[in-house]
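1. after the sequence you'll find the predicted model.
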Amino acid sequence: MSELIVSELGCQRGYNNLFSNLSFSLTAGDILRISGANGSGKTSLLKILAGLSSTESDSVVYNQNPAGSSEYQEDIFYLGHLPALSPELCCRENLSYLSHLQGDNSDDKVGNALIAIGLKGYEYEYAANLSAGQKRRVVLASLFINKAPIWLLDEPFTALDSDGIATLEEQINKHSERGGICILTTHQDCNLSNMRTLSL
Amino acid sequence: MNIFMQTLTRDLKMALRNPSSFLNPLLFFVIAISLFPLAISPEAHTLSNIAPGIIWVTCMLAVLLSLNALFHYDYDNGVLEQMVISHHPLPLLLLAKTTAHWLLTGLPIVLLSPLLGAALFLDSESIGVLMLTLLLATPSLSLIGAIGASLIVGIKNSGMLLSLLILPLYIPILIFASSAVSQARFGLPISAQLYFLASILILSLMGSPFVSALALKTSLE
(Lines give C-alpha, C1' and ligand atoms only; values in the text may rest on other atoms or scores of the structure.)
Protein backbone atom coordinates (compact mmCIF):
# COMPACT_ATOMS: atom_id res chain seq x y z
CA MET A 1 0.00 0.00 0.00
CA SER A 2 1.54 3.30 -1.03
CA GLU A 3 1.65 5.73 1.81
CA LEU A 4 3.06 9.22 2.24
CA ILE A 5 4.74 9.33 5.64
CA VAL A 6 5.87 12.52 7.30
CA SER A 7 7.70 11.97 10.54
CA GLU A 8 9.13 14.43 13.04
CA LEU A 9 9.36 17.20 10.49
CA GLY A 10 10.50 20.61 11.63
CA CYS A 11 10.97 23.90 9.86
CA GLN A 12 12.79 27.06 10.82
CA ARG A 13 12.73 30.37 8.95
CA GLY A 14 15.17 32.95 10.28
CA TYR A 15 14.77 32.92 14.06
CA ASN A 16 11.21 31.62 13.91
CA ASN A 17 10.47 28.02 14.57
CA LEU A 18 7.47 27.50 12.29
CA PHE A 19 6.66 23.96 13.30
CA SER A 20 8.47 21.03 14.80
CA ASN A 21 7.83 17.34 15.38
CA LEU A 22 5.12 17.28 12.73
CA SER A 23 4.08 13.74 11.90
CA PHE A 24 1.23 12.43 9.78
CA SER A 25 0.64 9.85 7.13
CA LEU A 26 -1.67 9.80 4.13
CA THR A 27 -2.87 6.84 2.12
CA ALA A 28 -4.54 6.51 -1.26
CA GLY A 29 -7.64 8.70 -1.58
CA ASP A 30 -6.82 11.07 1.26
CA ILE A 31 -7.24 14.81 0.93
CA LEU A 32 -5.47 16.92 3.51
CA ARG A 33 -6.18 20.57 4.01
CA ILE A 34 -3.49 22.48 5.83
CA SER A 35 -4.93 25.40 7.74
CA GLY A 36 -3.29 28.04 9.81
CA ALA A 37 -2.82 31.78 10.13
CA ASN A 38 -0.67 33.77 7.70
CA GLY A 39 2.96 32.99 8.34
CA SER A 40 2.29 29.74 10.15
CA GLY A 41 4.35 27.75 7.64
CA LYS A 42 1.77 26.31 5.23
CA THR A 43 3.77 27.19 2.14
CA SER A 44 7.02 26.11 3.79
CA LEU A 45 5.49 22.72 4.56
CA LEU A 46 4.32 22.28 0.98
CA LYS A 47 7.77 23.28 -0.33
CA ILE A 48 9.37 20.65 1.86
CA LEU A 49 6.87 18.06 0.63
CA ALA A 50 7.59 19.14 -2.96
CA GLY A 51 11.29 18.52 -2.46
CA LEU A 52 12.17 22.20 -2.90
CA SER A 53 13.54 22.63 0.61
CA SER A 54 15.88 20.03 1.98
CA THR A 55 14.98 18.07 5.11
CA GLU A 56 16.51 15.53 7.39
CA SER A 57 16.69 12.33 5.38
CA ASP A 58 13.65 10.07 5.72
CA SER A 59 11.38 12.64 7.35
CA VAL A 60 9.26 12.69 4.17
CA VAL A 61 8.89 9.32 2.46
CA TYR A 62 6.55 7.98 -0.21
CA ASN A 63 6.81 4.34 -1.26
CA GLN A 64 10.18 4.10 0.49
CA ASN A 65 11.49 6.97 -1.65
CA PRO A 66 12.62 10.04 0.31
CA ALA A 67 11.70 13.55 -0.85
CA GLY A 68 14.22 14.85 -3.36
CA SER A 69 14.97 11.48 -4.96
CA SER A 70 14.05 11.29 -8.61
CA GLU A 71 11.49 8.49 -7.96
CA TYR A 72 9.77 10.68 -5.37
CA GLN A 73 9.84 13.75 -7.62
CA GLU A 74 8.19 11.72 -10.37
CA ASP A 75 5.26 11.05 -8.04
CA ILE A 76 4.45 14.62 -7.11
CA PHE A 77 2.77 17.54 -8.75
CA TYR A 78 3.37 20.89 -7.06
CA LEU A 79 1.60 24.13 -7.72
CA GLY A 80 3.07 27.14 -5.95
CA HIS A 81 2.05 30.78 -5.60
CA LEU A 82 3.69 31.78 -8.88
CA PRO A 83 1.87 31.17 -12.17
CA ALA A 84 4.81 29.17 -13.70
CA LEU A 85 4.04 30.69 -17.11
CA SER A 86 6.35 32.56 -19.47
CA PRO A 87 4.73 35.68 -20.91
CA GLU A 88 6.40 35.15 -24.32
CA LEU A 89 4.78 31.75 -24.85
CA CYS A 90 1.16 30.99 -25.67
CA CYS A 91 -1.06 28.88 -23.38
CA ARG A 92 -0.46 25.75 -25.41
CA GLU A 93 3.33 26.10 -25.42
CA ASN A 94 3.39 26.93 -21.73
CA LEU A 95 1.26 23.98 -20.75
CA SER A 96 3.10 21.65 -23.10
CA TYR A 97 6.47 22.56 -21.57
CA LEU A 98 5.14 22.32 -18.01
CA SER A 99 3.75 18.86 -18.61
CA HIS A 100 7.02 17.79 -20.24
CA LEU A 101 8.78 18.86 -17.06
CA GLN A 102 6.28 16.99 -14.92
CA GLY A 103 6.19 13.83 -16.96
CA ASP A 104 5.35 12.69 -20.45
CA ASN A 105 2.63 14.32 -22.48
CA SER A 106 1.08 14.41 -25.91
CA ASP A 107 -0.22 17.37 -27.89
CA ASP A 108 -3.77 15.98 -27.88
CA LYS A 109 -3.82 15.93 -24.10
CA VAL A 110 -2.62 19.53 -23.90
CA GLY A 111 -5.40 20.72 -26.20
CA ASN A 112 -8.05 18.72 -24.36
CA ALA A 113 -6.85 19.91 -20.97
CA LEU A 114 -7.13 23.55 -22.03
CA ILE A 115 -10.68 22.95 -23.22
CA ALA A 116 -11.57 21.08 -20.02
CA ILE A 117 -10.39 23.94 -17.82
CA GLY A 118 -12.47 26.42 -19.85
CA LEU A 119 -9.83 28.09 -22.00
CA LYS A 120 -11.21 27.10 -25.40
CA GLY A 121 -10.23 29.78 -27.89
CA TYR A 122 -7.28 30.96 -25.83
CA GLU A 123 -4.89 28.18 -26.88
CA TYR A 124 -2.69 30.49 -28.94
CA GLU A 125 -2.99 33.57 -26.74
CA TYR A 126 0.25 34.78 -25.18
CA ALA A 127 0.34 34.33 -21.42
CA ALA A 128 1.17 38.05 -21.12
CA ASN A 129 -2.36 38.87 -22.34
CA LEU A 130 -4.19 36.65 -19.86
CA SER A 131 -5.92 37.71 -16.65
CA ALA A 132 -4.73 36.38 -13.30
CA GLY A 133 -7.56 33.85 -13.19
CA GLN A 134 -6.87 32.64 -16.72
CA LYS A 135 -3.17 32.21 -15.91
CA ARG A 136 -4.16 30.15 -12.92
CA ARG A 137 -6.39 28.01 -15.15
CA VAL A 138 -3.54 27.28 -17.59
CA VAL A 139 -1.42 25.88 -14.77
CA LEU A 140 -4.37 24.01 -13.27
CA ALA A 141 -4.93 22.43 -16.68
CA SER A 142 -1.83 20.32 -15.92
CA LEU A 143 -4.01 18.50 -13.39
CA PHE A 144 -5.94 17.02 -16.34
CA ILE A 145 -2.71 15.68 -17.87
CA ASN A 146 -0.67 14.77 -14.85
CA LYS A 147 -0.57 11.22 -13.59
CA ALA A 148 1.37 11.93 -10.39
CA PRO A 149 -0.32 10.32 -7.37
CA ILE A 150 0.44 13.21 -4.99
CA TRP A 151 -0.87 16.67 -5.67
CA LEU A 152 0.49 19.57 -3.61
CA LEU A 153 -1.59 22.67 -4.24
CA ASP A 154 -0.74 25.98 -2.60
CA GLU A 155 -3.82 28.21 -2.54
CA PRO A 156 -5.24 26.66 -5.73
CA PHE A 157 -8.53 28.59 -5.54
CA THR A 158 -6.95 32.04 -5.62
CA ALA A 159 -8.16 34.24 -8.49
CA LEU A 160 -10.61 31.59 -9.76
CA ASP A 161 -14.29 32.37 -10.40
CA SER A 162 -17.04 30.12 -9.01
CA ASP A 163 -17.06 27.97 -12.19
CA GLY A 164 -13.32 27.48 -11.94
CA ILE A 165 -13.57 26.56 -8.28
CA ALA A 166 -16.26 23.97 -9.03
CA THR A 167 -14.19 22.42 -11.85
CA LEU A 168 -11.14 22.26 -9.63
CA GLU A 169 -13.06 20.70 -6.72
CA GLU A 170 -14.50 18.10 -9.07
CA GLN A 171 -11.01 17.34 -10.39
CA ILE A 172 -9.60 16.94 -6.87
CA ASN A 173 -12.49 14.65 -5.87
CA LYS A 174 -11.90 12.52 -8.99
CA HIS A 175 -8.20 12.33 -8.17
CA SER A 176 -9.06 11.11 -4.70
CA GLU A 177 -11.49 8.50 -6.09
CA ARG A 178 -8.73 7.24 -8.40
CA GLY A 179 -6.60 6.67 -5.31
CA GLY A 180 -4.54 9.83 -5.41
CA ILE A 181 -3.41 11.95 -2.49
CA CYS A 182 -4.00 15.68 -2.41
CA ILE A 183 -2.58 18.19 0.04
CA LEU A 184 -3.77 21.74 -0.26
CA THR A 185 -3.80 25.03 1.59
CA THR A 186 -6.72 27.38 1.28
CA HIS A 187 -8.57 29.99 3.30
CA GLN A 188 -11.78 29.36 1.42
CA ASP A 189 -14.43 26.80 2.32
CA CYS A 190 -14.25 23.96 -0.11
CA ASN A 191 -16.49 21.13 -1.03
CA LEU A 192 -14.24 18.10 -0.95
CA SER A 193 -15.05 14.61 0.21
CA ASN A 194 -12.61 12.62 2.35
CA MET A 195 -11.04 15.81 3.59
CA ARG A 196 -9.04 16.01 6.79
CA THR A 197 -7.63 19.20 8.22
CA LEU A 198 -4.23 19.77 9.73
CA SER A 199 -3.76 22.95 11.74
CA LEU A 200 -0.32 24.44 11.98
CA MET B 1 11.66 15.28 -28.44
CA ASN B 2 13.63 14.88 -25.23
CA ILE B 3 13.63 17.36 -22.39
CA PHE B 4 17.00 18.86 -23.38
CA MET B 5 15.74 19.83 -26.82
CA GLN B 6 12.39 20.95 -25.36
CA THR B 7 14.13 23.33 -22.97
CA LEU B 8 16.53 24.56 -25.64
CA THR B 9 13.82 25.32 -28.19
CA ARG B 10 11.64 26.91 -25.52
CA ASP B 11 14.42 29.30 -24.51
CA LEU B 12 15.28 30.17 -28.12
CA LYS B 13 11.62 30.75 -28.94
CA MET B 14 11.20 33.04 -25.93
CA ALA B 15 14.32 35.02 -26.85
CA LEU B 16 13.28 35.46 -30.48
CA ARG B 17 9.89 36.77 -29.38
CA ASN B 18 11.55 39.29 -27.09
CA PRO B 19 14.70 40.13 -29.10
CA SER B 20 15.89 43.04 -26.99
CA SER B 21 16.85 40.53 -24.29
CA PHE B 22 19.71 39.13 -26.36
CA LEU B 23 20.34 42.03 -28.78
CA ASN B 24 21.35 44.42 -25.97
CA PRO B 25 24.65 42.69 -25.12
CA LEU B 26 25.49 42.28 -28.81
CA LEU B 27 24.82 45.93 -29.48
CA PHE B 28 27.01 46.80 -26.51
CA PHE B 29 29.77 44.60 -27.98
CA VAL B 30 29.67 46.35 -31.37
CA ILE B 31 29.28 49.90 -30.02
CA ALA B 32 32.00 49.62 -27.37
CA ILE B 33 34.53 48.28 -29.86
CA SER B 34 33.71 50.88 -32.49
CA LEU B 35 34.29 53.68 -29.97
CA PHE B 36 37.95 52.78 -29.36
CA PRO B 37 39.29 54.08 -32.71
CA LEU B 38 37.54 57.40 -32.02
CA ALA B 39 39.01 57.74 -28.55
CA ILE B 40 42.53 56.35 -29.01
CA SER B 41 43.74 56.74 -32.57
CA PRO B 42 42.47 55.81 -35.99
CA GLU B 43 45.97 54.72 -36.97
CA ALA B 44 46.26 51.13 -38.23
CA HIS B 45 49.40 50.20 -36.30
CA THR B 46 48.09 51.29 -32.89
CA LEU B 47 44.69 49.74 -33.43
CA SER B 48 45.93 46.37 -34.60
CA ASN B 49 48.21 46.29 -31.55
CA ILE B 50 45.39 46.71 -29.08
CA ALA B 51 42.66 44.92 -31.09
CA PRO B 52 42.96 41.47 -29.44
CA GLY B 53 42.69 42.96 -25.97
CA ILE B 54 39.84 45.30 -26.86
CA ILE B 55 37.75 42.62 -28.55
CA TRP B 56 38.28 40.09 -25.79
CA VAL B 57 37.60 42.47 -22.89
CA THR B 58 34.47 43.77 -24.59
CA CYS B 59 33.28 40.24 -25.35
CA MET B 60 33.68 39.32 -21.70
CA LEU B 61 31.75 42.37 -20.52
CA ALA B 62 29.00 41.72 -23.07
CA VAL B 63 28.59 38.15 -21.81
CA LEU B 64 28.57 39.41 -18.22
CA LEU B 65 25.84 41.87 -19.17
CA SER B 66 23.68 39.07 -20.54
CA LEU B 67 24.09 36.70 -17.58
CA ASN B 68 21.67 38.50 -15.26
CA ALA B 69 18.79 37.45 -17.47
CA LEU B 70 19.83 33.80 -17.70
CA PHE B 71 17.71 32.52 -14.82
CA HIS B 72 16.06 35.72 -13.67
CA TYR B 73 12.82 35.58 -15.70
CA ASP B 74 12.21 31.91 -15.07
CA TYR B 75 12.77 32.53 -11.37
CA ASP B 76 10.31 35.42 -11.31
CA ASN B 77 7.51 33.52 -13.00
CA GLY B 78 8.05 30.24 -11.15
CA VAL B 79 9.16 28.01 -14.03
CA LEU B 80 12.56 27.56 -12.39
CA GLU B 81 10.80 26.12 -9.33
CA GLN B 82 9.10 23.55 -11.57
CA MET B 83 12.47 22.69 -13.14
CA VAL B 84 14.03 22.08 -9.73
CA ILE B 85 11.24 19.76 -8.55
CA SER B 86 11.00 17.99 -11.90
CA HIS B 87 12.18 14.38 -11.95
CA HIS B 88 14.40 15.22 -14.92
CA PRO B 89 18.03 15.79 -13.90
CA LEU B 90 18.41 19.48 -13.12
CA PRO B 91 21.99 19.66 -14.55
CA LEU B 92 20.61 18.57 -17.94
CA LEU B 93 17.93 21.27 -17.88
CA LEU B 94 20.50 23.90 -16.91
CA LEU B 95 22.88 22.71 -19.62
CA ALA B 96 20.06 23.23 -22.13
CA LYS B 97 19.46 26.76 -20.84
CA THR B 98 23.20 27.50 -20.95
CA THR B 99 23.41 26.17 -24.50
CA ALA B 100 20.58 28.50 -25.51
CA HIS B 101 22.44 31.35 -23.82
CA TRP B 102 25.58 30.57 -25.84
CA LEU B 103 23.64 30.32 -29.10
CA LEU B 104 22.16 33.77 -28.43
CA THR B 105 25.26 35.52 -27.05
CA GLY B 106 28.52 33.65 -27.70
CA LEU B 107 27.81 32.48 -31.23
CA PRO B 108 26.72 35.91 -32.55
CA ILE B 109 29.89 37.38 -30.99
CA VAL B 110 32.00 34.78 -32.84
CA LEU B 111 30.20 35.63 -36.06
CA LEU B 112 30.55 39.39 -35.57
CA SER B 113 34.22 39.23 -34.65
CA PRO B 114 35.74 39.12 -38.19
CA LEU B 115 33.94 42.33 -39.04
CA LEU B 116 35.17 44.08 -35.91
CA GLY B 117 38.65 42.58 -36.27
CA ALA B 118 38.86 43.96 -39.79
CA ALA B 119 37.65 47.34 -38.57
CA LEU B 120 40.58 47.35 -36.11
CA PHE B 121 43.06 46.43 -38.92
CA LEU B 122 43.76 42.87 -37.77
CA ASP B 123 45.24 40.80 -40.59
CA SER B 124 43.25 37.86 -41.90
CA GLU B 125 45.35 35.23 -40.16
CA SER B 126 44.90 36.89 -36.75
CA ILE B 127 41.20 37.20 -37.42
CA GLY B 128 41.10 33.45 -37.94
CA VAL B 129 42.84 32.91 -34.61
CA LEU B 130 40.53 35.44 -32.94
CA MET B 131 37.49 33.52 -34.16
CA LEU B 132 39.03 30.25 -33.02
CA THR B 133 39.71 31.56 -29.50
CA LEU B 134 36.20 33.01 -29.29
CA LEU B 135 34.70 29.74 -30.50
CA LEU B 136 36.70 27.78 -27.92
CA ALA B 137 36.16 30.14 -25.01
CA THR B 138 32.71 31.72 -25.29
CA PRO B 139 31.02 28.42 -24.30
CA SER B 140 33.18 28.44 -21.15
CA LEU B 141 32.05 32.01 -20.46
CA SER B 142 28.40 30.91 -20.62
CA LEU B 143 29.02 27.79 -18.52
CA ILE B 144 31.02 29.52 -15.79
CA GLY B 145 28.56 32.41 -15.90
CA ALA B 146 25.70 30.00 -15.26
CA ILE B 147 27.26 29.12 -11.90
CA GLY B 148 27.32 32.78 -10.90
CA ALA B 149 23.84 33.41 -12.24
CA SER B 150 22.40 30.50 -10.26
CA LEU B 151 24.08 31.72 -7.07
CA ILE B 152 22.56 35.19 -7.29
CA VAL B 153 19.10 34.17 -8.48
CA GLY B 154 16.50 35.80 -6.27
CA ILE B 155 18.76 38.61 -5.11
CA LYS B 156 17.64 42.05 -6.25
CA ASN B 157 20.10 44.34 -8.10
CA SER B 158 22.80 41.74 -8.05
CA GLY B 159 24.78 42.89 -11.13
CA MET B 160 27.71 44.04 -9.03
CA LEU B 161 27.81 40.81 -7.05
CA LEU B 162 27.74 38.77 -10.25
CA SER B 163 30.76 40.65 -11.66
CA LEU B 164 32.67 40.11 -8.43
CA LEU B 165 31.89 36.41 -8.44
CA ILE B 166 32.47 35.69 -12.09
CA LEU B 167 35.19 38.03 -13.38
CA PRO B 168 38.04 36.40 -11.41
CA LEU B 169 37.08 33.08 -13.00
CA TYR B 170 37.11 34.70 -16.44
CA ILE B 171 40.64 36.10 -16.06
CA PRO B 172 42.55 32.95 -17.19
CA ILE B 173 40.40 32.76 -20.31
CA LEU B 174 41.07 36.43 -21.03
CA ILE B 175 44.83 36.00 -20.63
CA PHE B 176 45.17 32.89 -22.77
CA ALA B 177 42.78 34.05 -25.49
CA SER B 178 44.12 37.55 -26.01
CA SER B 179 47.72 36.41 -25.83
CA ALA B 180 46.98 33.77 -28.49
CA VAL B 181 45.70 36.45 -30.86
CA SER B 182 48.57 38.83 -30.08
CA GLN B 183 51.17 36.13 -30.66
CA ALA B 184 49.52 34.99 -33.88
CA ARG B 185 50.08 38.49 -35.26
CA PHE B 186 53.84 37.92 -35.03
CA GLY B 187 53.68 34.39 -36.38
CA LEU B 188 54.53 32.81 -33.02
CA PRO B 189 53.14 29.39 -32.04
CA ILE B 190 49.80 29.52 -30.21
CA SER B 191 49.00 25.86 -29.61
CA ALA B 192 49.72 26.10 -25.87
CA GLN B 193 47.07 28.81 -25.40
CA LEU B 194 44.55 26.93 -27.50
CA TYR B 195 45.10 23.75 -25.48
CA PHE B 196 44.55 25.70 -22.28
CA LEU B 197 41.33 27.21 -23.63
CA ALA B 198 40.15 23.78 -24.76
CA SER B 199 40.89 22.23 -21.37
CA ILE B 200 39.05 25.06 -19.57
CA LEU B 201 36.09 24.38 -21.86
CA ILE B 202 36.08 20.67 -21.09
CA LEU B 203 36.45 21.32 -17.37
CA SER B 204 33.59 23.82 -17.31
CA LEU B 205 31.41 21.57 -19.48
CA MET B 206 31.93 18.71 -17.01
CA GLY B 207 31.56 20.72 -13.83
CA SER B 208 29.35 23.73 -14.45
CA PRO B 209 25.93 22.04 -14.88
CA PHE B 210 26.34 20.15 -11.61
CA VAL B 211 27.66 23.10 -9.64
CA SER B 212 24.93 25.39 -11.03
CA ALA B 213 22.28 22.81 -10.11
CA LEU B 214 23.54 22.69 -6.52
CA ALA B 215 23.74 26.49 -6.34
CA LEU B 216 20.25 26.85 -7.74
CA LYS B 217 18.76 24.40 -5.25
CA THR B 218 20.37 26.35 -2.42
CA SER B 219 19.16 29.69 -3.80
CA LEU B 220 15.58 28.46 -4.13
CA GLU B 221 15.28 26.99 -0.65
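-> Looks like it arrived, so ask away. Here the structure is a predicted model, which means the values were calculated and not measured. Residues are numbered from 1 along each chain as shown, chains lettered A, B, ... in the order given.
2. ok, residue B:106 - contacts?
-> B:63, B:134, B:138-139, B:141-142 (CB atoms under 8 Å, 6 or more residues apart in numbering or on different chains). All C-beta atoms are positioned from the backbone trio N, CA, C, and that covers glycine.
3. again, only this time at 7 Å
-> Applying CB atoms under 7 Å, 6 or more residues apart in numbering or on different chains to residue B:106 gives the contacts B:63, B:138-139, B:141-142.
4. with residue A:99 instead?
-> A:105, A:110, A:142, A:145-146.
5. which positions in chain B make contact with chain A?
-> Listed as neighbours of chain A in chain B under the rule CB under 7 Å from any CB of the partner chain: B:3, B:6, B:10, B:13-14, B:17-18, B:77-79, B:81-88, B:220-221.
6. and the buried ones among the residues you listed, selectable in ChimeraX?
-> Listed next is the ChimeraX selection for buried residues among the residues of chain B next to chain A, using 16 or more other CB atoms under 10 Å in any protein chain shown:
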select /B:3,6,10,13,14,18,77,78,79,81,82,83,84,85,86,87,88,220
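7. near chain B, which residues of chain A show up?
-> A:50-54, A:70, A:73-74, A:78, A:80, A:82-86, A:88-89, A:97-98, A:100-102.
8. per-residue confidence for the residue in chain B that chain A sits nearest to?
-> Here chain B gets closest to chain A at one residue, residue B:78, 2.7 Å apart by CB to the nearest CB. Looking at residue B:78, its pLDDT reads 88.
9. quick one: the strands in chain A?
-> For chain A, the strands defined by DSSP state E occupy A:3-13, A:16-27, A:31-35, A:60-62, A:65-66, A:76-79, A:150-154, A:181-185, A:195-199.
10. give me the helices and strands touching the shortest one, please.
-> For strand A:65-66, the elements it packs on are helix A:70-74, judged by 3 or more CB pairs under 7 Å, 6 or more residues apart in numbering or on different chains; DSSP states H and E.
11. mean confidence score for the helix it packs on?
-> The model assigns helix A:70-74 a mean pLDDT of 86.
12. please apply the same query to stretch A:176-193.
-> pLDDT averaged over stretch A:176-193 gives 85.
13. tell me the buried residues in it?
-> For stretch A:176-193, by 16+ other CB under 10 Å, it's A:176, A:180-186, A:190, A:192.
14. if I look at the residue nearest to residue A:136 when sequence neighbours are not counted, how far off is residue A:188?
-> Distance criterion CB to CB, 6 or more residues apart in numbering or on different chains; nearest residue to residue A:136, sequence neighbours excluded, is residue A:159 at 4.9 Å. As judged by CB to CB, to the nearest Å, residue A:159 and residue A:188 stand 12 Å apart.
15. I'd guess residue B:136 is in a strand, am I close?
-> No. Per DSSP: H, G, I helix; E, B strand; the rest coil, residue B:136 lies outside any strand segment and is helix.
16. quickly note the distance from it to residue A:93.
-> Distance from residue B:136 to residue A:93, by CB to CB: 34 Å.
17. show me the contacts for the closest residue to chain B within chain A.
-> Per CB to the nearest CB, residue A:82 is where chain A lies closest to chain B, at 2.7 Å. Residues in contact with residue A:82 (CB under 7 Å, 6+ apart) are B:77-78, B:81.
18. hey, where'd the helices end up in chain B?
-> Along chain B, the stretches classed as helices by DSSP state H are B:3-17, B:20-39, B:44-77, B:79-85, B:90-104, B:106-119, B:124-151, B:159-185, B:191-220.
19. so which elements touch the last one?
-> Just to be clear, that refers to helix B:191-220. Using 3+ CB pairs under 7 Å, 6+ apart, helix B:191-220 sits against helix B:79-85, helix B:90-104, helix B:124-151, helix B:159-185.
20. give me the pLDDT for the closest residue to residue B:177 other than its chain neighbours.
-> Distances taken as CB to CB, 6+ apart place residue B:133 nearest to residue B:177, at 4.1 Å, with adjacent residues excluded. As predicted, residue B:133 sits at a pLDDT of 95.
21. ok, now residue A:102?
-> So, for residue A:102, pLDDT stands at 82.
22. same question, the one 4 residues further on
-> We have a pLDDT of 71 for residue A:106.
23. gap between it and residue A:197?
-> In terms of CB to CB, residue A:106 sits 37 Å off from residue A:197.
24. flag every buried residue along the biggest helix by length in chain A.
-> The longest helix of chain A (DSSP H) is helix A:162-177. Within helix A:162-177, the residues scored as buried using 16+ other CB under 10 Å are A:164-165, A:167-169, A:171-173, A:175-176.
25. can you check stretch B:176-196 too?
-> Buried-residue list, stretch B:176-196, by 16+ other CB under 10 Å: B:176-185, B:190, B:193-194, B:196.
26. now the two most distant members of those residues.
-> For those, the farthest-apart pair by CB to CB is B:185 and B:196; their separation is 18.7 Å.
27. re the thing from before, kindly indicate which of the contacts of residue A:82 lies nearest residue B:31.
-> residue B:77 (30.6 Å).
28. give the contact list for the closest one.
-> So residue B:77 contacts A:82-86 (CB under 7 Å, 6+ apart).
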